[in-house]
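Engineer: Compute the structure for the input listed below.
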Amino acid sequence: MTAGQQNSKTARVILAVSLILNIFFATLIAYKHSGHIREFVTNAIAPRAINDTQLKEFNRNHGPIIVEGKVGNENARKLKLLIIGNSLSYVPASDSPDWKHSGGMAASNIENDYAHLLMKELVDRKGVQIEYMISNLAEFERNFKN
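Structural biologist: Got it, this is the predicted structure:
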């Protein structure tokens, strides 16, 4: 290896180490000085625990929650779909400030929960009308051992 090649290799290593250190220190400074970033990272690493009382509030019925509907073009081929799940499938709106809309948990609105995204994808790809039922069996899930 010539001296020029060695110098070029050394410069690339120094540049890579410098870039990594800059990213590390910029992240450290942003984390230290931003409460929002710190709160987001803390919540992502250690999410809140939800107790049984809170779960029952989200799933007020002790029997299965069932919601029915139709999506798609009514002149298209019909498809019946039953989605059986837990709170990710469907939770009715509640008086709680944490849950004001109906739909699957972790979704910003009903159109973005997994059940409705699945149905939209089927309607778009297959050109069908879906007659659906979504059943929340969270109570069964929580009391499975009983």
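Engineer: what's the distance between the most centrally placed residue in the chain and Leu88?
Structural biologist: Closest to where the C-alpha atoms of the chain average out (Cα atoms, centre = their mean) is Ala106, at 4.8 Å. From Ala106 across to Leu88, the span is 6 Å (Cβ to Cβ, to the nearest Å). For glycine as for every other residue, the C-beta is placed from the backbone atoms N, C-alpha and C.
Engineer: Could you do Ser108 as well?
Structural biologist: Ser108 is 14 Å from Leu88, by Cβ to Cβ.
Engineer: Mind checking which of those two has more residues around it?
Structural biologist: Leu88 (16 against 9; other Cβ atoms under 10 Å).
Engineer: my guess is that one contacts Leu117, does it?
Structural biologist: No - Leu88 is not in contact with Leu117 according to Cβ atoms under 8 Å; the separation is 11.5 Å.
Engineer: Give me the average confidence score over stretch 109-129.
Structural biologist: Per-region confidence: stretch 109-129 scores 91 on mean pLDDT.
Engineer: how about it as CSV, C-alpha atoms only?
Structural biologist: Listed next in CSV are the C-alpha coordinates belonging to stretch 109-129 (Å, rounded to 0.1, in the frame of the first residue of the first chain):
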residue,chain,number,x,y,z
ASN,A,109,-59.5,6.4,14.6
ILE,A,110,-61.7,3.6,13.5
GLU,A,111,-60.5,3.8,9.8
ASN,A,112,-56.9,3.1,11.0
ASP,A,113,-57.5,0.0,13.2
TYR,A,114,-56.4,-3.3,11.8
ALA,A,115,-59.9,-4.7,11.2
HIS,A,116,-60.9,-1.7,9.0
LEU,A,117,-57.5,-1.6,7.3
LEU,A,118,-57.9,-5.3,6.4
MET,A,119,-61.4,-4.7,5.1
LYS,A,120,-60.3,-1.7,3.0
GLU,A,121,-57.5,-3.7,1.5
LEU,A,122,-59.9,-6.6,0.6
VAL,A,123,-62.3,-4.1,-1.0
ASP,A,124,-59.6,-2.4,-2.9
ARG,A,125,-57.8,-5.5,-4.1
LYS,A,126,-60.8,-7.9,-4.7
GLY,A,127,-63.5,-5.4,-5.5
VAL,A,128,-66.0,-6.9,-3.1
GLN,A,129,-68.6,-5.7,-0.7
